[in-house]
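Visitor: Predicted model and sequence follow; I will ask about them next.
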Amino acid sequence: MDAIARSLADTGLPHPLLVSAARAAVCAGDAALARQIAEKTAGQFLRPVINATGTLLHTNLGRAQLEGGACRGAVNLELDLATGRRGLRTSSVSKLLCSLTGAEAATVVNNGAAALLLVLATLAPGQPVIVSRGELVEIGGGFRIPEVLATSGARLVEVGTTNKTRLADYAEALGGLAPETRPLLLKVHQSNYRIVGFTQSVTTAELATLGVPLVVDLGSGLLDAGTPWLRSAPPRFLAGEPAARQTLVQGAALVTFSGDKLLGGPQAGLIAGSADLVSRCSRNPLFRALRPGGLVLSELQATLVAYAERRGHEIPFWQMATTPAEEIRERAEAIAGRLGPPVSVCGSLSAVGAGSSPGMEIESAALCLPGDHRIGLIDHEPPVVARVQEGRTLLDLRSVSPGEDGAVESALKHLLSRGPT
């Protein structure tokens, strides 16, 4: 058993896991299975990969890429350095969010679904929450808005139809409620799909006229429609994308959104808006179960500071999203020129991903070669994740940082050296 385990040391797994692989193989009556088991286990460990799929916010690859703002060693997570007393762990990011969105107050939990769950559980336990049928979306992993709502203890009241909902539908639903109820309006951004054709929806500004607290789940998390952190006009792929600052100005009491989508930060759920409502959410015992740790808050703080200092264009997501297609093609041609056939350069269309800006594409360029070579590219250090389109393997360089071009070239060279696959 020890000999088998030691023979697997090159997989990089801790010795106890190598012993487990050896035992499983011996129990199966085939010692040769040990390496297969160990390699499968090693493949499940988190490790750096290169995203050459062209999807900028790839959920399977961790969505927004980070640059490492996390603090090392001890950090004043809940220590107020001005007084020496215990402080609030979300203080810095809350202040930054208020400055960037114009909100009265803000707080943070561990993901977007948690933000909506906390808001509903705090503001509408046992109470009616009115939502358009066209906004009862399903998010990643099969979770659905009605299920999140039910888990919170709120009572769903559906209005309108899948394709058309009018202000009168909301007013009629409110008029049919018992006087003692405390209803809430919920507007959910259709961030991962679009309904086109014979459609109608109600705007945030219109809903705000009904005199009932309005919560808007923005999902993707654009801070400001004007994108003042960029050196150019807002990119075309943001057309129609609601933003936190403008949604609050239009009358929403609260907005919720994710940190690892258009914000370009770590996985987190952000809640911003009315000081009274945010305070109530922060006092809910559920908040303790949903709050983020120091690593997330450190990364989020670094991301928000970049926005506050008008350096948002330096955030990896915005760098990838706004690089001119000509620059990407030049990088691809340089790599293809050194490798030669069968590698060539072709046009490509990148996607934002993670359910953001559905149907919107960004012109790009890719390295391509005939056939499906995804497994061969993953079998490289670091692994390179590509996509297959029309019988060709494409490595779209929009989702690859320039500093990773050498690793992409090395992976292709390694693939070609092994001959036909």
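Guide: Noted; the coordinates are in hand. Owing to the predicted nature of the structure, the values given are computational and were not obtained by experimental measurement.
Visitor: Packing partners of the worst-scoring helix or strand of the chain on mean pLDDT?
Guide: In the chain, no helix or strand scores lower on mean pLDDT, DSSP states H and E than strand 79-80, which sits at a mean of 80. If you count contacts as 3 or more C-beta pairs under 8 Å, 6 or more residues apart in numbering; DSSP states H and E, strand 79-80 packs onto strand 85-86. In short, each C-beta sits where N, CA and C put it, glycine included.
Visitor: Pull the distance from the strand it packs on to the chain's centre.
Guide: 33 Å (C-alpha atoms, centre = their mean, to the nearest Å).
Visitor: distance of the nearest residue to residue 185 once chain neighbours are set aside from residue 253?
Guide: Leaving aside its sequence neighbours, residue 185 sits nearest to residue 214 (C-beta to C-beta, 6 or more residues apart in numbering; 4.4 Å). From residue 214 across to residue 253, the span is 5 Å (C-beta to C-beta, to the nearest Å).
Visitor: Which residues are in contact with each of these two?
Guide: Counting by C-beta atoms under 8 Å, 6 or more residues apart in numbering, no residue touches both residue 214 and residue 253.
Visitor: Tell me which of the two has more neighbours.
Guide: A direct count of neighbours by other C-beta atoms under 10 Å for residue 214 and residue 253 places residue 214 higher, at 25 against 21.
Visitor: Quick one: residues contacting that one.
Guide: Per C-beta under 8 Å, 6+ apart, neighbours of residue 214: 184-187, 204, 207-208, 251-254.
Visitor: Repeat that for residue 266.
Guide: 64, 66, 259-260, 295-296, 299-300, 303.
Visitor: Just the buried ones from those residues?
Guide: Buried by 16 or more other C-beta atoms under 10 Å: 64, 66, 259-260, 296, 299-300, 303, out of these.
Visitor: Secondary structure added to these, as a markdown table?
Guide: Shown next, in a markdown table, are the buried ones among the contacts of residue 266 (DSSP: H, G, I helix; E, B strand; the rest coil):
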| residue | secondary structure |
| --- | --- |
| 64 | coil |
| 66 | coil |
| 259 | coil |
| 260 | coil |
| 296 | helix |
| 299 | helix |
| 300 | helix |
| 303 | helix |
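Visitor: can you name the two of these that are farthest apart?
Guide: Greatest spacing in those, by C-beta to C-beta: 64 and 296 (12.4 Å).
Visitor: overlap in contacts of those two?
Guide: 259, 266.
Visitor: re earlier: in strands only, show me the contacts of residue 214.
Guide: Of the positions in these, 184-187, 254 sit in strands, assigned by DSSP state E.
Visitor: what residue ranges in the stretch 51-200 of the chain score low on pLDDT?
Guide: Along the stretch 51-200 of the chain, segments meeting pLDDT under 70 span 68-72, 140-142, 191-192.
Visitor: which residues sit in contact with residue 39?
Guide: residue 11.
Visitor: What strand or helix carries it?
Guide: When elements are assigned from DSSP states H and E, residue 39 belongs to helix 33-42.
Visitor: now could you export just the CA positions of that helix as PDB?
Guide: What follows is helix 33-42, C-alpha atoms only, in PDB (Å, rounded to 0.1, in the frame of the first residue of the first chain):
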ATOM      1  CA  LEU A  33      -6.500   2.100 -10.700                       C
ATOM      2  CA  ALA A  34      -4.700   4.100  -8.000                       C
ATOM      3  CA  ARG A  35      -3.300   6.600 -10.400                       C
ATOM      4  CA  GLN A  36      -6.600   7.100 -12.200                       C
ATOM      5  CA  ILE A  37      -8.300   7.700  -8.800                       C
ATOM      6  CA  ALA A  38      -5.500  10.100  -7.700                       C
ATOM      7  CA  GLU A  39      -5.500  12.100 -10.900                       C
ATOM      8  CA  LYS A  40      -9.300  12.400 -10.800                       C
ATOM      9  CA  THR A  41      -9.000  13.700  -7.200                       C
ATOM     10  CA  ALA A  42      -6.200  16.100  -8.100                       C
END
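Visitor: What's the first helix or strand after it?
Guide: Helix 33-42 is succeeded, C-terminally, by strand 50-51 (DSSP H and E).
Visitor: Not counting that next one itself, show me its contacts.
Guide: 58, 61, 65, 382-385, 399-400, 404, 407-408, 411.
Visitor: same question, stretch 305-314
Guide: So stretch 305-314 is contacted by 96, 99-100, 223, 227-231, 264, 315, 318-319, 322 (C-beta under 8 Å, 6+ apart).
Visitor: Most neighbours among these, please name it.
Guide: Result: residue 264 is most packed of the contacts of stretch 305-314 (other C-beta under 10 Å), 28 neighbours.
Visitor: Would you confirm that that residue belongs to a strand?
Guide: No: Residue 264 is assigned coil when assessed by three-state DSSP, not a strand.
Visitor: Pull the contacting residues for it.
Guide: Remark: with contacts taken as C-beta under 8 Å, 6+ apart, residue 264 is in contact with 64, 303, 312, 315-318.
Visitor: go on, residue 207?
Guide: Taking C-beta under 8 Å, 6+ apart as the test, what residue 207 contacts is 167, 170, 185, 187, 214, 251.
Visitor: so how many other residues sit close to the first one?
Guide: The tally of other residues near residue 167 (other C-beta under 10 Å) stands at 17.
Visitor: sorry, back to before: would a markdown table of the contacts of residue 264 with distance to residue 108 be doable?
Guide: Converted to a markdown table, the contacts of residue 264 look like this (distance: C-beta to C-beta, whole Å):
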| residue | distance to residue 108 |
| --- | --- |
| 64 | 15 |
| 303 | 12 |
| 312 | 18 |
| 315 | 18 |
| 316 | 20 |
| 317 | 19 |
| 318 | 21 |
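Visitor: from these, which two are the most distant?
Guide: 64 and 312 (12.4 Å).
Visitor: And for the closest residue to residue 138 other than its chain neighbours, the neighbour number?
Guide: Residue nearest to residue 138 in three dimensions, not counting chain neighbours: residue 144, with 4.6 Å by C-beta to C-beta, 6+ apart. Neighbour count of residue 144, defined by other C-beta under 10 Å: 12.
Visitor: Neighbours of residue 46, how many?
Guide: Neighbours of residue 46 using other C-beta under 10 Å come to 6.
Visitor: what about stretch 32-50, distance to the chain center?
Guide: 25 Å.
Visitor: With stretch 239-257 instead?
Guide: Distance of stretch 239-257 from the chain centroid (C-alpha atoms, centre = their mean) equals 18 Å.
Visitor: now do stretch 373-393
Guide: 23 Å.
Visitor: what's the average pLDDT for it?
Guide: The average of the pLDDT scores along stretch 373-393 is 94.
Visitor: For it, buried residues please.
Guide: Quick answer for stretch 373-393 (16+ other C-beta under 10 Å): 373, 376-377, 379-380, 384-387, 392-393.
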